[in-house]
Each structure stands twice: as structure tokens, then as C-alpha cells.
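Visitor: Sequence plus predicted model, see below.
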Amino acid sequence: MYGEVLAVIAAILWAASMVSAVGTLKDVDPLCANTMKILFGASSMLPIALIMSRSGDLFNFDITGVFFVIVAAMVGIGLGDTCLLKSTTYIGISRSYTIAYSYPIFTMFLANLFLGEPFHYRYLVGSILIFLGVANALSARSVGVGDRRRVGLMYSLAASLSWALGTVLVTQGVKSVNIVLANTIRYPIVFLTLLPVMVSRGGRMGLNRRDLGLLVFSGILGMTLGGIIFLHSVQLIGASKAAPLSSSSPFWASILSSVFLKEKLTLRILASTILVIAGIFFLF
């Protein structure tokens, strides 16, 4: 029960992080915002790592585990998030997120195949219900047609597969690497990977004090707290359960948007609430 609750909390934290970051996109390019958010998340991990290092447990790891954590970050956060950003330029953010957040279904099969995690049909039912809830809450009429729509769908599916593979890889990694150390390692690597891409693209970066504060808040909330809590959940209940529970993040973002961004809470959202709660029930 504890691991399942942590996965849902991680989803809510990621949603709050996303809502905070969205508030900066009028002045900041999405890739720049994501890169800066990762930077602040990486920076906020350092004091936590220093405190944890005093216990002596932080550096009890093996090289293989670190390798899995690094590759997971490159595949999941680096490649996956980049594909999602690219997809939004073709078919819009609502449809992109809906498709990309089908990743728990892929995660279950990959975790069963490579990690030997047990496959239960109720997990599949729960994953499908959560996905339907997310899709119902976030789906919109297609803004892309023809080739553009197909390209956007391919990028979204690539993001979904990347997240699934990244989740399975990091699950293997945190078996022998402290969670705090895992986050301390992977975030700077992703930042250093995205930084040259951001610079070469020359995207707008008109950061003001408000935008800077939102990105700091987003990085700490989503990358640091959300990341630690999710990895702890993965350690307790495995990737095949943690991923579906955390995939409700876009739904929670819709709820938070209605509260803080004054977006209308519709019957579609209320219906999605029932689907998501039903899906979570099957995963507990």
C-alpha cells in the first residue's frame, strides 16, 4: 500500500511541476524551460546528497547499477521528453500527452520480459482504465492532418516507448544504487545533454523573476521530490505497478489547472476522475 501511495503522490507532484512550468511558456521556449527546470532540479539534489552522504549509505553502489541509471536517464528523460516536445509541434500537447502516457502498458510487458516481474491481468485492466481516464480528460480534436498527424503520432509513441524502457532500466539500476545518488547522477547528465541542443537552437529565453521562480519551483517539486518519491515507489512495488499509478499525472494536471489557472472543470474531467480512481483500485 505504501509504494502505491508514493506512486500517486509522485504523479501529483509531476502534475504540479508541469502546471508551474506552463506558466513560463509565453516568454520561454519549451526546450529552454525544460532544460532550466532540470538544472534547478539537479542543483536542489546536491544538498540532499551531501546530507545523505554523512550516513555512509549513499555511496554503497556498483558500477553496473550506475550504468543502468545513466542509460535510463538518457533514454527516458533525454530522448523521451525530446520526442514528446517534438510531437506537440505536430499534433498539440493534449493529444501528445494522451498517447505518450500509454507508456505503463509497454512498461508492464518490458518489466515482465527483462526483470521477471509477475504479470497480473488486473494490472493491465488498471492501466487501461487509467489511460482511458487520461485520454478522456485530455483528448481534443486533432489539429494535425495527413503526414503531420502521422509524424506527431510516431513521436508520441517514441516518447511512450522511451519512458517505458527508461523506467525498466532505472528499476534495475536502483536495486544497487541509492535513490538520492541515482537522481544526483542522472539529472546533471540530462542537463548537459540538452544544453548544447538548447544553445544551438537559439530558442527564446526571456526569463523574468516570476518565470525564474516558477521554474525553480517546478524543478524542485517535479524533478527532485517527484523523482525521489517515484524511485522509492519503484523499489517497493516494481515498475509494472508504479508506472501505471504515476501515469495519472496528466489527469491531476487538468485538475490543478482548473484550480490555479482557472480552466473550466467539465463533465469530461469528472468522468475521467471515475476512470482514474477505478484504475488505481485495480493496482492496489
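Guide: It's in.

Visitor: Torsion angles phi and psi at residue 175?
Guide: The phi and psi values for residue 175, taken as degrees, to the nearest 10, are phi -70, psi -30.

Visitor: where does it land on pLDDT?
Guide: Confidence per residue is given as pLDDT, and for residue 175 that number is 88.

Visitor: now do residue 161
Guide: Predicted confidence (pLDDT) for residue 161: 95.

Visitor: Tell me, how many residues neighbour it?
Guide: With neighbours defined by other C-beta atoms under 10 Å, the count for residue 161 comes to 20. Using the backbone N, CA and C atoms, a C-beta is placed for each residue, glycine as well.

Visitor: mind showing which ranges of the stretch 51-200 of the chain have poor pLDDT?
Guide: 54-60, 92-94, 137-146 (pLDDT under 70).

Visitor: at 50 instead, please
Guide: Filtered on pLDDT under 50, the stretch 51-200 of the chain yields the residue ranges 142-143.

Visitor: what's the spacing between stretch 163-175 and its chain's center?
Guide: Put simply, stretch 163-175 sits 13 Å off its chain's centre (C-alpha atoms, centre = their mean, to the nearest Å).

Visitor: Same question for stretch 271-280.
Guide: Its chain's C-alpha centre and that of stretch 271-280 lie 19 Å apart, by C-alpha atoms, centre = their mean.

Visitor: Same question for that stretch: list its buried residues.
Guide: 272, 273, 275, 276, 279, 280 (16 or more other C-beta atoms under 10 Å).

Visitor: Of those residues, which belong to strands?
Guide: Assigned to strands by DSSP state E, none of the buried residues of stretch 271-280 qualify.

Visitor: Would you reformat these as JSON lines and include pLDDT?
Guide: Conversion of the buried residues of stretch 271-280 to JSON lines gives the following (pLDDT from 0 to 100):
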{"residue": "272", "pLDDT": "78"}
{"residue": "273", "pLDDT": "73"}
{"residue": "275", "pLDDT": "85"}
{"residue": "276", "pLDDT": "79"}
{"residue": "279", "pLDDT": "83"}
{"residue": "280", "pLDDT": "74"}
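
Visitor: tally of neighbours for residue 116?
Guide: Residues lying near residue 116 (other C-beta under 10 Å) number 8.

Visitor: For it, what are phi and psi?
Guide: Geometry field for residue 116 lists phi and psi as phi 70, psi 20, criterion degrees, to the nearest 10.

Visitor: coming back round to it: which single one of the buried residues of stretch 271-280 is nearest to residue 218?
Guide: When the buried residues of stretch 271-280 are compared for distance to residue 218 (C-beta to C-beta), residue 276 wins out at 22.6 Å.

Visitor: Show the contacting residues for that closest one.
Guide: 129, 130, 133, 134, 248, 251 (C-beta atoms under 8 Å, 6 or more residues apart in numbering).

Visitor: Not counting sequence-adjacent ones, nearest residue to it?
Guide: Nearest residue to residue 276, sequence neighbours excluded (C-beta to C-beta, 6 or more residues apart in numbering): residue 133, at 3.9 Å.

Visitor: just checking, that neighbour touches residue 275?
Guide: Yes: in this structure residue 133 lies within contact range of residue 275 using C-beta atoms under 8 Å: 3.2 Å.

Visitor: State the distance from the residue nearest to residue 260 when sequence neighbours are not counted to residue 113.
Guide: With sequence-adjacent residues excluded and distances taken as C-beta to C-beta, 6+ apart, residue 260 is closest to residue 19, at 6.2 Å. With distances defined as C-beta to C-beta, to the nearest Å, the gap from residue 19 to residue 113 amounts to 35 Å.

Visitor: Residue 134 too?
Guide: 24 Å.

Visitor: For those two, indicate the residue with more neighbours.
Guide: The residue with more neighbours, out of residue 134 and residue 113, is residue 134; 28 against 11, by other C-beta under 10 Å.

Visitor: gap between that one and residue 71?
Guide: Relative to residue 71, residue 134 is positioned 27 Å away (C-beta to C-beta).

Visitor: For the stretch 1-150 of the chain, just list every one of the strands.
Guide: Under the criterion DSSP state E, counting those that start in this stretch, the stretch 1-150 of the chain carries no strands.

Visitor: That's all I had, so thanks and see you.
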